[in-house]
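# Fold the following, please.
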Amino acid sequence: MPATVENYDIVIIGAGPVGLVLSTCLQRWGYKIKHIDNRPEPTATGRADGIQPRSLDFLRNLGLKRQVMAHEPAKVYEVAFWDPGAKGIQRTDTWASCPKFIDARYPFTTLLHQGLIERVFIEDIEKNGGRIQRPWTITGFRNDGKDPTYPVEVQLAKVGGEASEKETVRAKYLFSGEGARSFIREQLGVKMIHKDPIAHVWGVMDGVVKTDFPDIKMKCTIHSDAGSIMVIPRENKMVRLYIQIASSTDKDWNPRKSATEEEVQQHAKNIMKPYSIEWERVEWYSVYPIGQGIAEKYTLDERVFMGGDCCHTHSPKAGQGMNTAFLDAQNLAWKIHHVESSFAPRSLLSTYESERKLIAENLLNFDAKYAKLFSQRQPTAGEIGNAGVAHNGAPSDDEENEFIRTFKASCEFTSGYGVAYNPNLLNWSPSHPVQSPLFLCYPDTTTLRPGRILIPATVTRVVDANVVHLEQEIPVNGSWRLYLFAGNPSLTSRAVADFAKELTAKRSFYNMFERKDVESVSHHERYNPHSHLYTLSTILAAPRKSIEIASLPPVLARYRDLVFADDVEDARVRGAKAAAHKKMGLDEERGGVVVVRPDGYVGCVVKLVEGGETCEVLNGYFGGVVGRELGGERAVL
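Next up, the predicted model:
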């Protein structure tokens, strides 16, 4: 009698950042997961280490930031630029890692060994009933459709195991988080498109050093006549050095060139003159070539998916690899969740590739320019000065070398806040199939741009008078976030009542997806008392002490922990009566409704008006997302 084949919602291959985030989200939302990794243990040393400000927001929203910060990572607030001088290298400039023009809660880059970050996710997966099966690998797969519910057959085997240590399982989805050498991508025949030929070989070394270099505790870019180095401070007194050891401009150029630890250390010593550096210990060392590549496709059938380094490879200089992987996984996780919850049609899954590949292409274009400039000799301070004086004696635009200009111009992108998805059914625009005069349009009538992250705002939580970060009050729970900015209650009470009435109408976008167990939901449920797919939040432009939650319509009052007073001043909108409303570009008296996707990106912004039209417009918007008509007639212009 043949062995029973076990069925899973998803099989995840690889327990690096992208696989772990996908597993963490889906495990929390109740999915049955088979997650394997071919390594006997999590990352022991080396690999990625930079968490950008936007990713720290994401970790906090997952409830995992505190665990990451418990490892006391290094924090980079500034970057120092060092260039050739008369007697070796000299500091020519410093710049904020996350400048003040970026509205960031955590304006720094966090540096921590990847293995410690992986362990934080693994502990969360295990706490929620999952596990990583090690060391196992994938040996084959096919979407044969023999089982329409679990169409993907996957063959697995224990690494170095006996012939009997094999498994065949079936799954709704298969995901490759295997990294750059992906078996799944190879078997699918998906090619990597390389933007530029490999032009540089670098050594990377983690260790504890003794040095008189004054900026060893800061992130530094060092250019000298002997080559280039990037300095990255790390936890536990360590520092990471990226050291250029070969270039395609060399006469004996070899893209496979290698070097010993001692050779790379000597190269670093030459680059850092007149300063000295010695290694007390080396924790990890590797040599690698730089190349920019992107997968032609992220999926062929929307059953087998890829993400992270499997889909995009680039230099580590801007610290984007792990951060991009986080958001690949989050993007796919909520879309799978909504399809499997019968909320959205399978066509929603096509937006994973179109959205995330765009971001990867932008990253690679930036990285190609950045890595090339980093690897070139930069002009000396004297050369910059001589070239940077206009005819009238005033400084010209050439005062800074091109590398520094590129770094400064790209800060929003590298921080993670520059991610911008193109218009589609999820991200409303004037070309969206659903139109209404009530939609607010960026930048003319709102500062919120659909496809970009929600602007941070500080408000007062009414139930306990705590001053909180609005964008963090709803966790990563797989739900759409509906922010009702209710304006001045004395002016909008009728509009708020009408909106609430329409929300609870039988065929509204909100009521159509009511929980089956709604009558037995705990009184303490904060985020999903009515629906697993929506979370409501109400923000009133009034002092906290004047707000009575019981006076709100019942559907809003039920979310009592998510009722806020917009009564906290914000230096970015000085003089505003209601700073959170103002930052969103909403009328401080009349308010509006902001729809935010489950991954924190704005979907659409709508005026709040009396009558049923506000809700009807949202019925039209969500009708496009779910692929069916909701409410009454669709909103049209």
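
# contacting residues around stretch 441-453?
Contacts with stretch 441-453, where a contact means C-beta atoms under 8 Å, 6 or more residues apart in numbering, come from 54, 57, 417, 419-423, 426-430, 440, 454-455, 583-586, 592, 594, 600-605. C-betas here are computed from N, CA, C, even on glycine.

# wait, what's in contact with Phe509?
Listed by C-beta under 8 Å, 6+ apart, the contact set of Phe509 reads 615, 618-619, 621-623, 626, 630-631.

# Going along the chain, name the helices of the stretch 51-200 of the chain.
Ranges of helices in the stretch 51-200 of the chain, per DSSP state H, counting those that start in this stretch, are 53-62, 65-69, 114-127, 183-188.

# how much space between Ser286 and Tyr483?
45 Å (C-beta to C-beta, to the nearest Å).

# more crowded one of those two?
Neighbours per residue, other C-beta atoms under 10 Å: of Ser286 and Tyr483, the larger number sits with Tyr483, 29 against 14.

# Of the contacts of Phe509, which is the nearest to Met230?
Checking the contacts of Phe509 against Met230 by C-beta to C-beta gives Tyr621 as the nearest, at 44.6 Å.

# avg pLDDT for the strand or helix carrying that closest one?
Here Tyr621, judged by DSSP states H and E, is contained in helix 613-626. Computed over helix 613-626, the mean pLDDT rounds to 97.

# quick one: Phe509 is in a strand?
No: under DSSP: H, G, I helix; E, B strand; the rest coil, Phe509 falls outside any strand and is assigned coil.

# tell me, how many neighbours does the nearest residue to it once chain neighbours are set aside end up with?
Spatial nearest neighbour of Phe509, chain neighbours left out: Phe622 (3.7 Å); criterion: C-beta to C-beta, 6 or more residues apart in numbering. Phe622 has 27 neighbouring residues, counting by other C-beta under 10 Å.

# Specify the local secondary structure of the residue nearest to Gly179 when sequence neighbours are not counted.
Nearest non-adjacent residue to Gly179, counting by C-beta to C-beta, 6+ apart: Asp309, 4.5 Å away. Of the three states, Asp309 takes helix according to three-state DSSP.

# In contact with Asp309, which residues?
Asp309 makes contacts with 16, 18, 179-180, 321, 325, as judged by C-beta under 8 Å, 6+ apart.

# would you list those in TSV and tack on pLDDT, neighbour count and distance to Pro529?
Output for these, formatted as TSV (pLDDT from 0 to 100; neighbours: other C-beta atoms under 10 Å; distance: C-beta to C-beta, whole Å):
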residue	pLDDT	neighbour count	distance to Pro529
Gly16	94	26	36
Val18	97	31	32
Gly179	91	17	41
Ala180	87	14	44
Gly321	82	25	39
Ala325	93	27	33
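
# which of these lies closest to Gly85?
Proximity of the contacts of Asp309 to Gly85, judged by C-beta to C-beta, is greatest for Gly321, which lies at 32.3 Å.

# That closest one and Arg256, how far apart?
From Gly321 over to Arg256 the distance is 22 Å, taken as C-beta to C-beta.

# Specify the residue ranges that define each domain of the chain.
What automatic domain parsing lists as the domains of the chain is 6-71+112-191+296-361, 192-293, 458-634.

# Mind putting those into TSV with distance to Ile102?
Conversion of these to TSV gives the following (distance: least, C-beta to C-beta, whole Å):
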stretch	distance to Ile102
domain 6-71+112-191+296-361	7
domain 192-293	16
domain 458-634	11
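
# can you tell me which of these the model trusts least?
Among the domains of the chain, domain 192-293 has the lowest mean pLDDT, at a mean of 88.

# gap between the two ends of it?
End-to-end distance for domain 192-293: 6 Å, by C-alpha to C-alpha, to the nearest Å.

# same question, stretch 454-474
In stretch 454-474, first residue to last residue: 12 Å (C-alpha to C-alpha).

# what residues does that stretch touch?
By C-beta under 8 Å, 6+ apart, stretch 454-474 touches 57, 60-61, 103-105, 447-448, 481, 483, 527, 535, 537, 539, 544, 547, 549, 560-568, 570, 579-580, 583-584, 594, 596, 600-602.

# Tell me which residues of it come out buried.
Using 16 or more other C-beta atoms under 10 Å as the test for burial, stretch 454-474 gives 454-462, 470-471, 473-474.

# neighbours around Arg574, how many?
Residues within reach of Arg574, counting by other C-beta under 10 Å, total 9.

# Quick check: phi and psi on it?
Phi and psi for Arg574, reported as degrees, to the nearest 10, are phi -60, psi 140.

# for stretch 260-271, the distance to its chain's centre please.
Here stretch 260-271 is found 35 Å from its chain centre; the criterion is C-alpha atoms, centre = their mean, to the nearest Å.

# in that stretch, what counts as buried?
The neighbour-count check on stretch 260-271 (16+ other C-beta under 10 Å) flags 264-265, 267-268, 271 as buried.

# just the strands in the stretch 351-500 of the chain please.
Ranges of strands in the stretch 351-500 of the chain, per DSSP state E, counting those that start in this stretch, are 458-461, 467-469, 480-487.

# Dump these to TSV, plus distance to Lys146.
Shown next, in TSV, are those (distance: least, C-beta to C-beta, whole Å):
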stretch	distance to Lys146
strand 458-461	52
strand 467-469	49
strand 480-487	35
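
# Correct me if wrong: Tyr173 contacts Arg303.
Yes: if you go by C-beta atoms under 8 Å, Tyr173 and Arg303 touch, sitting 5.9 Å apart.

# re the thing from before, now, of the contacts of Phe509, which are buried?
615, 618-619, 621-623, 626, 630-631.

# Could I get the residues you listed in JSON lines, plus columns for distance to Gly207?
JSON lines is the format used below for the buried ones among the contacts of Phe509 (distance: C-beta to C-beta, whole Å):
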{"residue": "Cys615", "distance to Gly207": "60"}
{"residue": "Leu618", "distance to Gly207": "55"}
{"residue": "Asn619", "distance to Gly207": "59"}
{"residue": "Tyr621", "distance to Gly207": "53"}
{"residue": "Phe622", "distance to Gly207": "53"}
{"residue": "Gly623", "distance to Gly207": "57"}
{"residue": "Val626", "distance to Gly207": "53"}
{"residue": "Leu630", "distance to Gly207": "59"}
{"residue": "Gly631", "distance to Gly207": "62"}
